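[1] A structural model of the following input is requested.
(chains A and B)
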Amino acid sequence: DTAVSQTPKYLVTQMGNDKSIKCEQNLGHDTMYWYKQDSKKFLKIMFSYNNKELIINETVPNRFSPKSPDKAHLNLHINSLELGDSAVYFCASSSLDRNTGELFFGEGSRLTVL
Amino acid sequence: GENVEQHPSTLSVQEGDSAVIKCTYSDSASNYFPWYKQELGKRPQLIIDIRSNVGEKKDQRIAVTLNKTAKHFSLHITETQPEDSAVYFCAGYTGTASKLTFGTGTRLQVTL
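    I've put the predicted structure just below:
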């Protein structure tokens, strides 16, 4: 049973296109995140949702728009893709109720913008 | 906000030797410090964590120490094996911000 699953795993697209990545967790967690991992392996938080409400929004371009239809899903839509958007995007979830920051990551979605 | 610094960025050790990775944090409100291991092409996975009310924690060959006064914590791996080769990330968690901030990662290479 996959705890945090995201699709697609690989995405290759042209500059200027719009693309989406979907994420689902079956752990019953109330908080979900999007992290971006660049070529240098830095893990940077982008967004966090708690029970469908946005609680963290780091300095991310407006071209990135997260959507959480329910607390088990958090999708990421990216408009007008740029070369610098190429990275691995990780979805993650955690349970704030337990007052722990332990994150459970998805397998990652490798986005390549040509 | 929280800032987590991690050193070294790369570390090469011979099999059987020990490896130490160090991190410092800035937010005194941080109360949870996990360590994640990321193998090549895989997702980061939690290997050990420590809470702010504990000074040391050990799990087989890995241990973590925390010095709250100095705001630094370290990961210690003893008797390293080739399968320990990976990128290791420290992180600091601030409950009030509900945010986990990662260090910049350490690429550990264990050579035969």
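[2] and the next helix or strand past the strand or helix carrying B:Tyr93?
    Element membership of B:Tyr93 [criterion: DSSP states H and E] is strand B:86-94. Downstream of strand B:86-94, the next assigned helix or strand under DSSP H and E is strand B:99-102.
[3] what residues are up against residue 34?
    As the question left the chain open, I've gone with chain A. A:Cys23, A:Ile45, A:Met46, A:Phe47, A:Ser48, A:Pro66, A:Leu74, A:Leu76, A:Tyr89, A:Phe90, A:Cys91, A:Ala92 (C-beta atoms under 8 Å, 6 or more residues apart in numbering or on different chains). In this view, the C-beta of every residue, glycine as well, is placed from N, C-alpha and C.
[4] try chain B instead
    B:Pro34 neighbours (C-beta under 8 Å, 6+ apart): A:Gly101, A:Glu102, A:Leu103, B:Leu46, B:Ile48, B:Asp49, B:Ile50, B:Cys90, B:Ala91, B:Tyr93, B:Leu100.
[5] distance of the last one relative to chain A?
    Relative to chain A, B:Leu100 is positioned 4 Å away (criterion: C-beta to the nearest C-beta, to the nearest Å).
[6] correct me, but that residue touches A:Ile45?
    Yes - with contacts counted by C-beta atoms under 8 Å, B:Leu100 reaches A:Ile45, the gap being 7.3 Å.
[7] tally of neighbours for B:Cys62?
    Cys isn't right for residue B:62; it's Ile. Number of residues near B:Ile62 (other C-beta atoms under 10 Å in any protein chain shown) recorded here: 18.
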